[in-house]
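> Predicted model, plus sequence, below.
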Amino acid sequence: MAFEEVCPDRIDLIHKNYRKLCNLLVDVEEWGQVVIIHMLTRYARTQFVSPWREDAVFDENSAKAFYDSEEERRVDQSKPYIMDPDHRLLLRNTKPLLQSRNTAVVMAVSQLYWHLAPKHELSIITKSLVRLLRSHREVQYIVLQNIATMSIQRKGMFEPFMKSFYVRSTDATHIKTLKLEILTNLANEANISTILREFQTYVKSQDKAFAAATIQAIGCCATNISEVTDTCLNGLVLLLSNRDETVVAESVVVIKKLLQTQPSQHSDIIKHMAKLFDNITVPMARASILWLMGEYCEHVPKIAPDVLRKMAKTFTDEEDIVKLQIVNLAAKLYLTNSKQTKLLTQYILNLGKYDQNYDIRDRTRFIRQLIVPNEKSGALSKYARRILMAPKPAPVLQSAFKDRDRFQLGTLSHTLNSQASGYLELSDWPAVAPDQSVRNVEVVEPVRLPCIYLVFKDNVKNSESEENSDDSNKSSSSQSEKSSSESDSEKKKTLKNKKPQQQKLDSKDRKQKNGNAVKVESRSESESGSESSSSESSSESGSELDSDSDSGTDQKKNTKPKPVQSKPVIKKVEKKEVSLLDLDDFSPVPVTTPKSSILSPNLLSDLQGLLISPTASALQVDLCFCVYLTVSLLSFSLQFC
């Protein structure tokens, strides 16, 4: 949204992000989808070639098989249209959004397909738009306006869903009018009978504005479909005897427009309207009948002068619009039948000369100088007949949404039918597609750094195993001296039971140490050197344990019983997950120092913890390890004091 407000014309900023936006469009929240779709619609109109060509090929992989033979290739050398993959990506990723629960998203995708998709793919948006007609009347109003614009150019899209546009009694007037507009646009030779039967019901509606709009719709159908022109005219003439003045007035206006197409063939209708003139009170209807009488006075030479005689009696009581048409009728009859109407014309011109309305006074003076020759009148009076009786083009009855396609669908400008502030017009399709490589993004592979955590974990395990082996040897020697009262048979039994377990544990230690050595070899040279020395020392300790197990029974009695008891503890430590936040796992390799009577065993272990092994020194010491060193120093100073 910030891009749309700040720099909507900077299309170059979208190049690198175009494919990413297309792929992420489904996961964006609904109102973000609306903004992105409108932005990508304008982007696509500037970067892709129009898919509305007749020689378009929409299977991107069938470009070679477009021509069937070499002869056709020679005849037509023009390059066929092949849809750009990025163009197809946008259409493919927005298609699922037609099922969105948000009306704005469905409308945004529909306008995108209308402006970007090939014409044979537009049918997929029809069901989604019809589904929106079940929503609130505010939503229906916007959707129906867009459907009305689409139905003018693509009638086949909505013709199967014509029943969805039938007017309901609960619809508001503006909704009824829009549905009527769509039904008029969908009318053709096949369904006109069904639509006219529907219109006959609408004419009887209590909503006067809707009934008048229906009569106008009947006139549009009669104009567009010549097969039903006579039928519509006869139906409109029957409406002239309706009790409702609004219906009669609108029927007269529509009949007047229809008669202009074929006036000579419908003189009977003009006579019938003249007979009903006294009963019609609506000013617009009376003015329309008078215009017809004056325009086609030659087709009704006996009726027109009689109508002028009646109008001369009621001239002062008529509305202004009717008075203007009476003056026009008098002028035309003066030129065509001056013997019967000369005195009537002079009488009417004198009445208009002193009328209160200045438009009527001006029109009267102009007509007098134009049709009555005298010394003051110039050469213009010679052409009075050509001026007043000139053939006039028949009015074209067309939809009010005829020119609304110049605005992008779904926008405020399209709804208002005028350009609103901030509206951005869609650009025309480029003749030649711009370079599509601008949307390519270089994928930078991340640099794989050595895993410090794994190296540190292996060092900690190796140091712990060596510590445990040394401590077990010391403890076994001290305990063997204290337990001299035990019998030799019991020790042999225990050794037999423990020896298989010890061998399994030794074999596991060897596998783990060999595995650690393999991991360390894949690291840098400095790390591999330090790790190789530790792996060698661990292997030597493992070999010493094996040699001890193969020695005599005296050595087994001194060294073997207690290490077996300490092995399960080592096994539990191996199963425990090593974490960088676990401070106990940072115990370094022990360094042998001379024992002193002053330092206690706990203090000695703390001092040993202060020394860092060569392998650990290469690692970065994190915050937790620094805290551990600080606590160790404080405890050492307290114990020493």
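The structure has been received and is ready for your questions. Source: prediction; values computed, not measured. Residues are numbered from 1 along each chain as shown.
> Now do the helices in the stretch 151-300 of the chain.
Remark: helices assigned in the stretch 151-300 of the chain by DSSP state H, counting those that start in this stretch are 155-158, 173-186, 192-203, 208-224, 229-239, 245-259, 267-275, 283-295.
> and of those, who's closest to residue 131?
Residue 131 lies closest, by Cβ to Cβ, to one member of the helices of the stretch 151-300 of the chain: helix 155-158, at 12.8 Å. Any C-beta I mention is one placed from the backbone N, CA and C, and that applies to glycine too.
> helices and strands around the closest one, which ones?
Packed against helix 155-158 by the contact rule (3 or more Cβ pairs under 8 Å, 6 or more residues apart in numbering; DSSP states H and E) you find helix 126-131, helix 137-153, helix 173-186.
> Quickly compare these and say which is most buried.
Neighbour counts (mean count of other Cβ atoms under 10 Å) averaged over each of the helices and strands packed on helix 155-158 peak at helix 173-186, with a mean of 22.
> Give me the contact list for that one.
137, 140-141, 144-145, 147-148, 151-152, 155, 158-159, 162, 165-167, 171, 195, 198, 202, 207, 209-210, 213-214, 217, 220-221, 399-401 (Cβ atoms under 8 Å, 6 or more residues apart in numbering).
> how does it look with 6 Å?
Outside helix 173-186, the residues that touch it by Cβ atoms under 6 Å, 6 or more residues apart in numbering are 137, 140, 144, 147-148, 151-152, 155, 159, 162, 165, 167, 195, 207, 209-210, 213, 217, 220, 399.
> quick one: low-confidence parts of the stretch 401-550 of the chain?
Applying pLDDT under 70 to the stretch 401-550 of the chain picks out residues 443-550.
> now with 90?
Along the stretch 401-550 of the chain, the parts satisfying pLDDT under 90 run over 401-406, 410, 417, 421-550.
> One more: the stretch 201-350 of the chain?
Residues of the stretch 201-350 of the chain that meet the cut-off, pLDDT under 90, sit at 204, 206-209, 222-285, 288-289, 292-302, 337-341.
> What backbone torsions are found at residue 354?
With angles defined as degrees, to the nearest 10, residue 354 sits at phi -110, psi 20.
> Could you export stretch 380-392 as PDB, CA atoms only?
Extracted C-alpha coordinates of stretch 380-392, given in PDB (Å, rounded to 0.1, in the frame of the first residue of the first chain):
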ATOM      1  CA  LEU A 380     -32.100  33.300 -44.100                       C
ATOM      2  CA  SER A 381     -35.800  33.200 -44.700                       C
ATOM      3  CA  LYS A 382     -35.200  31.500 -48.100                       C
ATOM      4  CA  TYR A 383     -33.800  28.500 -46.300                       C
ATOM      5  CA  ALA A 384     -36.400  28.300 -43.600                       C
ATOM      6  CA  ARG A 385     -37.800  25.000 -44.900                       C
ATOM      7  CA  ARG A 386     -34.400  23.400 -45.100                       C
ATOM      8  CA  ILE A 387     -33.600  24.500 -41.600                       C
ATOM      9  CA  LEU A 388     -36.800  23.500 -39.900                       C
ATOM     10  CA  MET A 389     -37.700  20.400 -42.000                       C
ATOM     11  CA  ALA A 390     -34.200  19.000 -42.300                       C
ATOM     12  CA  PRO A 391     -34.000  15.200 -41.800                       C
ATOM     13  CA  LYS A 392     -32.800  14.300 -38.400                       C
END
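> contacting residues around that stretch?
Against stretch 380-392 from outside (Cβ under 6 Å, 6+ apart): 331-332, 335, 370-371, 373.
> average model confidence for that stretch?
The average pLDDT within stretch 380-392 is 83.
> picking that back up, now the helices and strands packed on helix 155-158 in JSON lines, with mean pLDDT and distance to residue 298?
What follows is these, written out as JSON lines (pLDDT from 0 to 100; distance: least, Cβ to Cβ, whole Å):
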{"stretch": "helix 126-131", "mean pLDDT": "94", "distance to residue 298": "51"}
{"stretch": "helix 137-153", "mean pLDDT": "93", "distance to residue 298": "38"}
{"stretch": "helix 173-186", "mean pLDDT": "93", "distance to residue 298": "34"}
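> got those as a markdown table, with distance to residue 379 columns?
Formatted as a markdown table, these follow (distance: least, Cβ to Cβ, whole Å):
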| stretch | distance to residue 379 |
| --- | --- |
| helix 126-131 | 61 |
| helix 137-153 | 47 |
| helix 173-186 | 48 |
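> closest to residue 289 out of those helices?
Proximity to residue 289, assessed across these by Cβ to Cβ, is greatest for helix 173-186 (25.5 Å).
> Tell me what angle that closest one forms with helix 208-224.
Our comparison of helix 173-186 with helix 208-224, counting by axes from the mean of the first three to the mean of the last three Cα atoms, to 10 degrees, yields an angle of 10 degrees.
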